[in-house]
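J.: would you be able to build a 3D model of this:
(one chain, ligands or ions: 1)
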Amino acid sequence: MNDKNAHPTTNGIDLEFDRDHLWHPYTSMKAPLPVYPVVNADGVYIELETGERLIDGMSSWWSVIHGYNNPSINDAIQQQLSQMSHVMFGGLTHRPAVELAKKLVDMTPKGLDKVFLADSGSVSVEVALKMAIQYQLGKGYKNRNKFITLKHGYHGDTFGAMAVCDPKNSMHSLYDGMLPQNIFVDAPTSKPDQQFDPSDLEPLKQAIELQGSEIAALILEPIVQGAGGMRFYHSEFLAGAKAICDASGILLIADEIATGFGRTGKLFACEHANITPDIMCLGKALTGGYMTLAATLCTDKVAQGISDCDAGVLMHGPTFMGNPLACAAANASLALLQKGEWLQQVTQIEKLMKRELAKAADLNSVQEVRVLGAIGVIEMKKAVDVGEIQKAFVKNGIWVRPFGKLVYIMPQYIITEEQLQFLCTKLIQVLSEQKG
Ligand code: PMP
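T.: Have a look, this model is predicted:
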């Protein structure tokens, strides 16, 4: 008998098979943490097989900004499905992709005119890195093939992206010999609501003075460093970094995969510093969290440079590039954003989280509480036991997934005041009941 058949199929979701055969993000096959079976998701609620309904505090990792089971995104996908779900993008094009590119050019900072549709955030970062190297080749700089980036950054799990993630957090040591060697500088320490300390820019300046002639681009997450520490930094750092790059022929890649589409209180985090990066990566909330799709945008200058290099073309072309279903979902999601309600929603979420999460600062176990836009972070003094704390969150009717010392929420923009109040109250209650 084949091993697969050794597992009984119950009426429900086969958790035993899941545990034995199915990898979840960053988990062990030998001793995985428990997973909770979901049967339905609607609005801000995730419904478990056991019948419990949880208020989602994660927006499924920054992506589901308009809520689950959103009628207009559902309709858009269904309509597209009846016409075509996929067609290759080599030599063919279609309305959903053209409409999406128009919307992206229109909504993103002025000057980002060229759009590459990629399959996931990590792939869009790979594309951005390739764009930068090909641009420099086009300009005649064969040696500009390194990247400079900030410590505590996170840009994805594929090799190129990982090579610009914080070396410790993304465990570069595991892949010794396989990863390109890039340049890491100290991340800024001035917080958005503080006076800017110009010495924050020194490490970047010095590294560029020393090695600028080898550097193709600076890649960073604007204003919010996400998975590498949930750190918020001052917009003057971003503006200063852009000026330093411009003066030294280095491109700026803004990874807005997490921050894009309103999450920080601006449609794109680059707007806090009034800059247009040379290249911008988008993903996550692009489809309203319905399916995987990402985009890498660049300026005309970058596109010209790429065209001038020997290859004459941008060397990337995934099978599912511009998938029509994903583009239709993205068009519906962006149309919702274009209505403009998101700004008031995010402002309200920020106000309420600032008031409610501040209460966590009184707990002995808490190091710091910080809120920016619709991102609320409670940094603990010690790492939490994810398995244990998650049990308590679920028992209390909320879905929150901490990592390390970071317990954070990034609610959906459509969350009501009452639902958000419940989420914050229960979150703090669970933290206050934790031992140790
Ligand atoms: N960049 C940033 C800033 C991210 O937060 C993420 C995902 N957490 C990625 C890149 C990678 O995106 P994906 O998981 O879609 O590959």
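
J.: near the ligand, which residues of the stretch 101-250 of the chain are found?
T.: Within the stretch 101-250 of the chain, the positions adjacent to the ligand are S120, G121, S122, V125, Y154, H155, G156, E221, G226, A227 by Cβ under 6 Å from any ligand atom. For the C-beta atoms, the positions are set from N, CA and C on the backbone; glycine is no exception.

J.: which of the residues you listed lies closest to M353?
T.: For those, the closest approach to M353 (Cβ to Cβ) belongs to G226, at 16.6 Å.

J.: wait, the closest one sits on D255?
T.: No: here G226 lies out of contact with D255, judged by Cβ atoms under 8 Å, at a distance of 9.1 Å.

J.: of the two, who's got more company?
T.: D255 (32 against 23; other Cβ atoms under 10 Å).

J.: mind listing what the more buried one touches?
T.: V125, A128, G153, H155, I219, L220, E221, P222, C281 (Cβ atoms under 8 Å, 6 or more residues apart in numbering).

J.: before we move on, what SS does the third one have?
T.: If I follow you right, that is G153. Of the three states, G153 takes coil under DSSP: H, G, I helix; E, B strand; the rest coil.

J.: any idea how far E221 is from it?
T.: In this view, G153 and E221 are 6 Å apart by Cβ to Cβ, to the nearest Å.

J.: residues that sit against both of the two, list them.
T.: G228, D255.

J.: where do the helices sit along this protein?
T.: Listed in chain order, the helices of the chain (DSSP state H) span 15-21, 59-62, 71-83, 95-107, 121-138, 159-162, 202-211, 235-247, 300-308, 324-338, 341-357, 386-395, 417-433.

J.: any chance of those in JSON lines with mean pLDDT and distance to N182 as columns?
T.: Converted to JSON lines, these look like this (pLDDT from 0 to 100; distance: least, Cβ to Cβ, whole Å):
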{"stretch": "helix 15-21", "mean pLDDT": "96", "distance to N182": "36"}
{"stretch": "helix 59-62", "mean pLDDT": "98", "distance to N182": "25"}
{"stretch": "helix 71-83", "mean pLDDT": "98", "distance to N182": "37"}
{"stretch": "helix 95-107", "mean pLDDT": "98", "distance to N182": "28"}
{"stretch": "helix 121-138", "mean pLDDT": "98", "distance to N182": "10"}
{"stretch": "helix 159-162", "mean pLDDT": "96", "distance to N182": "10"}
{"stretch": "helix 202-211", "mean pLDDT": "98", "distance to N182": "10"}
{"stretch": "helix 235-247", "mean pLDDT": "98", "distance to N182": "15"}
{"stretch": "helix 300-308", "mean pLDDT": "97", "distance to N182": "19"}
{"stretch": "helix 324-338", "mean pLDDT": "98", "distance to N182": "30"}
{"stretch": "helix 341-357", "mean pLDDT": "98", "distance to N182": "33"}
{"stretch": "helix 386-395", "mean pLDDT": "96", "distance to N182": "30"}
{"stretch": "helix 417-433", "mean pLDDT": "98", "distance to N182": "36"}
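
J.: that'll do, ta.
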